[in-house]
Each structure stands twice: as structure tokens, then as C-alpha cells.
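**Q** sequence first, predicted model second:
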Amino acid sequence: MKVLVVSSYSEIKSMIADYVQQSQIPSNIEFTYFIEYWRVDLPENLAPGEITCRDFGDAEELARAMNALKGKTFDAVITDDEYSIYIAARIRESLGLPGVHGAHAIRLRDKLQMKRALDSTQVRTPRVLSIEHLKRGDYPLPLIAKPRAFGGSNGVRILKTHEDVQEFIEKWGSHMRPVDSPYRELDADDLQVEEFITGKVMHLDGISESRKCSFLSIGEYVGNCVDFEKNGQPLGSFMPPSEEARRFWMPFVHGVLEGLEFPDGAFHLEVFQTHEGEQIFMEIAARPGGALIIPAIREAYGVDLRIAHLRLQLGLGFTPPARQLGSAGWIIFPKRFHSKDSEKVVAAKLENEQALSSLVEKKIPTVGTDARGSFSYMHNNGQFLFFSQDWARIGTDIGLTRKNYHLEVRALDRPISDKTLDFLETS
């Protein structure tokens, strides 16, 4: 079997090699890689037959990379991340292979098309506002503006006042297009505006098979993605008692999967639960969740969603866990995404760590580490993973970590010497 792997995540090569070594993926599959190396240097040793692309969002560069596929044959095209879904669909179409194709992929990427596809179902979605609504004052407050086909909280704006809306119209109104306008992949300026929903924000992560949910994990966010990216606030989540939550959410999840004709594989579904208990769709991604969602689910259920996602695309099937092992949660602290100074970590410490009985894994930056960075959940200034039989313990320990983790950074205009490092580590 010959398989093309399309990804914006270069580590996918070593990851699949590990899965083969662990017998999670058969060793007789021949993998070829189509990888985006965005803002990073190309590795010295590419994989045999690897095709590289510097930017999936650059039409000319993407066309050059796709042209390198001419004359090659594959039995399947798979992907592991959100930014490769549409590219993989285009490649399947060009090669005449089954699976998700262009129009279907757009429904899985474009947040407006996504909501339109759910209009004919019982799934409640936020009200979408056109530029005409905004200009004539026909809108509630607050509003949220976000790119139609991006990821994370990149480009998200909260419009709290009429003045915010007017400023948005003047600066960004020309970027709002009708829902049926041609799709633009990875365009951070292609915006949509919708009502702001108050209540709990949940992430529902699971497995879709034949448009039915065969596995579901439920997490409740602590903090939010916008504050993580824009305001330097930590982000985390914990798993509430599962059986009751699964009964509450499962019919909603099935409605989303059916309405979007969701492909086999992992999904990361974000939803609102209002104070009145109403369930409202936010968005969904045809991939495993980010941040520490994958390791948290692995702790709680013994399931690796990344492996399951790849196996299902290869037609290898998925075996749901017999039971839940416990509850899990996590919290991460952001890099200084918007800092213009050369900031370095000079101290990072979790006080009273012995009180955190559910803490199972931590990653704290060393002194001298760059405190800045482009937006990412995994490249952060501290991350902590929790597991316990007691779900309430998880919430308590996340709260204590948020309170007791102290990070100190300083703006430095030259590299830190070894002598300075020794001083900072002991001061």
C-alpha cells in the first residue's frame, strides 16, 4: 500500500516511524511525505521521495509542490492536521482517489460554510452577522469576529461596544464576504462576525465512524483561547463526570457529524453550554485536539487520538476503550506572543508542588529560554498535566498551579553569558 501523507507538521515523519515500530501501523505501508516547512529551515536529510512546500497559503509555491506529484501513484492520501485538510482534498481530486474532496473539505474548514451546512439540522449555531447588519446597527453586543478558515485564536477580535463595531467596519468591513463566495485557504483577513455566546466553553474530542461517534471525551475549558493569545493568560481544561456529560452531549455530537457528513477519524468540537443549559455549536476540526488534549485523553482512557486518526484514514479500524481509567486535565502558560523586546526567562518555579497530588507531568522553561514566540499552544512558557480518580481534585490542582506558578522574564538586548545564567539560577 502506497500512502501520501500531507502535513504542516514536519515531526509527522518521526511520529509515523514510531507508530510503525510500536506495531500501531503496519510496516508494509510505503509512506511518501508532502510537508510544509513554514518559517523553518528545510532539514538536511529529507525523507525518500519527500515533497516540500514553503507555504501552503502561497498559491504559486503550492502549485510547484503539487506539480512534483505528476507521474506518482498512491492508494490513499491522509493528513493529521487542520491546515492540510483542504490541500489533501485537492490532491485526492487531482489523483482520482476516494475520500474527502474539495467542496466537502471546505465545509470542514470554512466556519461560515460549516454553520450553513448545519442550518437544516437541529443543531443550534450562533447568529452570523453580515456587513449590512453591522452598517444598519442590526446586531447584539458583544460580537466576535474571526477568520473563516484559520485555527486556534489567530485573528479573533471581541467587539464590545458600538464604537468597536464602527472601527471594525472602517478597517475590516471590506474583508467580509458573502457565505457562498469562493473559498480562501489560510487567509487570516477573510473574516466573519457572529453573536458572542456567554456560558461554559467545552471541547468534545472523539472518533467519528460512519458519521457516528464511537468514542467521546468531554472537557471544560479553564480560561479561554483569546485571553491566552492576546492577554497572556493561562489556558487549561478538566474532564467533568463523564457518563452524565456523555448522555447530555452525545445526541448533539451525532447531529453535527451527520450534518457535516463527517469523515472517519478524530474530531475536535468546541461548543457552548449556556447558563440555561442550551447547547450551541462553535466550530469543529477534523483532527485531534491541540494543547495537552491528546495526552490528557491518553491518561484518562488509554486512547491516543493521533494514532486512531491515522489508523482510521488507513482503513485499519478503531477499538473503543472498555472503560474510563480516571479524570485528567491540563494547564499551559503562553509565550509573550506580542512582545517586541528580546525577553528571556530568568526564573520559573512552581511553589508548593508537593500539594498537587494529581500532577503527573510538567515542563518548565529553563533560565535563558526565549520567552517570546509565534502563537502556539505547544511552544509555551510552562505546561502541566494532571490525572486522578477524583475529577474535583483535578480542578483544585489546576487552580493551585495557576496561582503558584511564577514566571519572571526580562528584556535583554544581548545573549546571556554562562556567568549570568549561574547568577540568575541562584538568585
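**A** Everything's here; your move.
**Q** distance of residue 125 from residue 226?
**A** 19 Å (CB to CB, to the nearest Å). For every residue, glycine as well, the C-beta is placed using N, CA and C.
**Q** neighbour-wise, which of those two wins?
**A** The residue with more neighbours, out of residue 125 and residue 226, is residue 125; 22 against 17, by other CB atoms under 10 Å.
**Q** please identify which helix or strand holds the more buried one.
**A** Assessed by DSSP states H and E, residue 125 sits outside every helix and strand.
**Q** that one reaches residue 115, doesn't it?
**A** Yes. Using CB atoms under 8 Å, residue 125 is in contact with residue 115, at 4.4 Å.
**Q** mutual contacts of those two, please.
**A** Residues touching both residue 125 and residue 115 (CB atoms under 8 Å, 6 or more residues apart in numbering): residue 281.
**Q** got the phi/psi numbers for the residue nearest to residue 197 when sequence neighbours are not counted?
**A** Nearest non-adjacent residue to residue 197, counting by CB to CB, 6 or more residues apart in numbering: residue 272, 4.4 Å away. Backbone torsions of residue 272, given as degrees, to the nearest 10, read phi -110, psi 150.
**Q** for residue 56, what are its contacts?
**A** With CB under 8 Å, 6+ apart, residue 56 has these contacts: 8, 36, 38, 62, 83-84, 87, 185-186.
**Q** what about it, distance to residue 204?
**A** Separation of residue 56 from residue 204 (CB to CB) stands at 27 Å.
**Q** same check on residue 211?
**A** 15 Å.
**Q** now the helices for the stretch 101-250 of the chain?
**A** Ranges of helices in the stretch 101-250 of the chain, per DSSP state H, counting those that start in this stretch, are 102-109, 111-118, 131-135, 162-172, 225-230, 242-259.
**Q** hey, least reliable of those helices by pLDDT?
**A** Set side by side, those give their lowest mean pLDDT on helix 225-230, at a mean of 90.
**Q** next, the buried residues of it.
**A** 225-226, 228-230 (16 or more other CB atoms under 10 Å).
**Q** so which residues of the stretch 301-427 of the chain form helices?
**A** Per DSSP H, counting those that start in this stretch, the stretch 301-427 of the chain carries helices over the ranges 305-313, 391-404, 418-426.
**Q** mean pLDDT lowest where, among these?
**A** If the helices of the stretch 301-427 of the chain are sorted by mean pLDDT, helix 418-426 sits at the bottom with a mean of 47.
**Q** residue nearest the centroid of this structure?
**A** Nearest to the mean C-alpha position of the chain, by CA atoms, centre = their mean, lies residue 290 at 4.2 Å.
**Q** how close does the closest residue to it other than its chain neighbours sit to residue 236?
**A** Leaving aside its sequence neighbours, residue 290 sits nearest to residue 377 (CB to CB, 6+ apart; 4.9 Å). For residue 377, the distance to residue 236 (CB to CB) stands at 11 Å.
**Q** now do the shared contacts for those two.
**A** The contact lists of residue 377 and residue 236 share residue 332, where a contact means CB under 8 Å, 6+ apart.
**Q** have a look at those two and say which one is more surrounded.
**A** residue 236 (28 against 19).
**Q** that one reaches residue 333, doesn't it?
**A** No. The pair residue 236 / residue 333 is not scored as a contact, 9.5 Å apart, by CB under 8 Å.
**Q** could you report the neighbour count for residue 49?
**A** Count around residue 49 with other CB under 10 Å applied: 13.
**Q** so which of the helices of the stretch 301-427 of the chain is the most surrounded?
**A** Burial of the helices of the stretch 301-427 of the chain is given as mean neighbour count (mean count of other CB atoms under 10 Å); helix 305-313 ranks first at a mean of 23.
**Q** count the neighbours of residue 154 for me.
**A** 14.
**Q** what do you get for the one 10 residues further on?
**A** Residue crowding around residue 164 was assessed by other CB under 10 Å; the count is 16.
**Q** residue 171: neighbour count?
**A** By other CB under 10 Å, the burial measure for residue 171, its neighbour count, is 10.
**Q** mind giving me the domain ranges of this structure?
**A** Per automatic domain parsing, the structural domains of the chain span 2-99, 127-195, 200-411.
**Q** possible to save those domains as TSV with distance to residue 105?
**A** Output for these, formatted as TSV (distance: least, CB to CB, whole Å):
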stretch	distance to residue 105
domain 2-99	4
domain 127-195	9
domain 200-411	9
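**Q** which of those is buried the deepest?
**A** Highest mean neighbour count among the domains of the chain (mean count of other CB under 10 Å): domain 200-411, with a mean of 18.
**Q** tell me how far the ends of that domain are from each other?
**A** Length of domain 200-411, first residue to last, CA to CA, to the nearest Å: 37 Å.
**Q** just stretch 130-147 next, same as before
**A** Stretch 130-147 end-to-end distance (CA to CA) = 14 Å.
**Q** and stretch 235-242, by the same measure?
**A** Span of stretch 235-242 from end to end, CA to CA: 21 Å.
**Q** where does this structure have low pLDDT?
**A** Across the chain, the ranges flagged by pLDDT under 70 are 152, 413-427.
**Q** right, and residue 90 touches residue 103 too?
**A** No. Between residue 90 and residue 103 there is no contact under CB under 8 Å: 11.2 Å.
**Q** right, and residue 47 touches residue 33 too?
**A** Yes. Between residue 47 and residue 33 a contact is recorded at 5.1 Å, counting by CB under 8 Å.
**Q** what sits in contact with each of the two?
**A** Any residue near both residue 47 and residue 33 by CB under 8 Å, 6+ apart counts here, and that gives residue 13.
**Q** can you pull the contacts of the closest residue in space to residue 347 that isn't next to it in sequence?
**A** Nearest non-adjacent residue to residue 347, counting by CB to CB, 6+ apart: residue 408, 4.0 Å away. By CB under 8 Å, 6+ apart, the contact set of residue 408 is 345-348.
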